Structures are given as structure tokens and as C-alpha cells.
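[1] Please find the sequence and the predicted model below.
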Amino acid sequence: MSAAKANNNKDTYKATAITLIVFGVLYLVDKLLHFSTLGLSWVMNRDNFLLYTAIIFLLFKHDKSVGLVLIGLWLILNFGLITALLGTMSAYLLPVALLVVGGILYLVSTR
């Protein structure tokens, strides 16, 4: 096995381990504090777990492709929510937000 592939596997294991740890901590904290009673029900929303995983993979894996794909999936699955939130703010906010997010993803992907 080449060194690059071994490092990629190690990064994948590390990101997966951190993801599982974060989910475990979130579930334990939810059992103790009940995010929904604190007005934070979105924290334990199943749709956001994909976003959490994407962020962790972007932070801890050198190859950003998995994280970028997960972010893209989350954006597609939650496009209605995103446009509803941004659409109520301003007619110009949605295009600017899309440009900013696209620019950030581009910069992350070129590292």
C-alpha cells in the first residue's frame, strides 16, 4: 500500500472516529440537558448530523472531497430551509450568501 493511500485511510479513520465521538457526546448532553427544552431542538435534528459530519471531515481529512460532497448533499437536502431563511431577509442576501458559500468551498477544495 502506498504512503498516500495509508495517510488517506488514516485520515478517514480519524474523521470517522471524531464524528462518532461528537455524536455520542451530543446524545449524552441531550439526555442530560434536553436541547429542545433550551430552545435548541435544531442541534439534534437528524438533517444536521450530515452537516456535522461534513464539517468534521473538512477539518480532519486532508482530502476534502468527502467533506465537500457531504456539504453539497446537506445543501441540496435543506435548500428549501436555506432559501426560506435567506429569502425572508432580503432579495440580495440569497445571491450574496450563495457566492460566499461557493467561494469558501472553492478555497477549501484548492488546499
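    Cool, the structure landed.
[2] Pro95 versus Phe79, what's the distance?
    The spacing between Phe79 and Pro95, counted by Cβ to Cβ, to the nearest Å, is 14 Å. The C-beta positions use only the backbone N, C-alpha and C, and glycine is treated the same way.
[3] After the helix or strand bottoming out on mean pLDDT in the chain, which helix or strand is next?
    Ranked by mean pLDDT, DSSP states H and E, the helix or strand of the chain with the weakest confidence is helix 79-87, at a mean of 72. Taking DSSP states H and E as the definition, the helix or strand that follows helix 79-87 towards the C-terminus is helix 93-109.
[4] buried sites along that next one?
    97, 105 (16 or more other Cβ atoms under 10 Å).
[5] other SSEs contacting that helix?
    On a contact count with 3 or more Cβ pairs under 8 Å, 6 or more residues apart in numbering; DSSP states H and E, helix 93-109 meets helix 65-77, helix 79-87.
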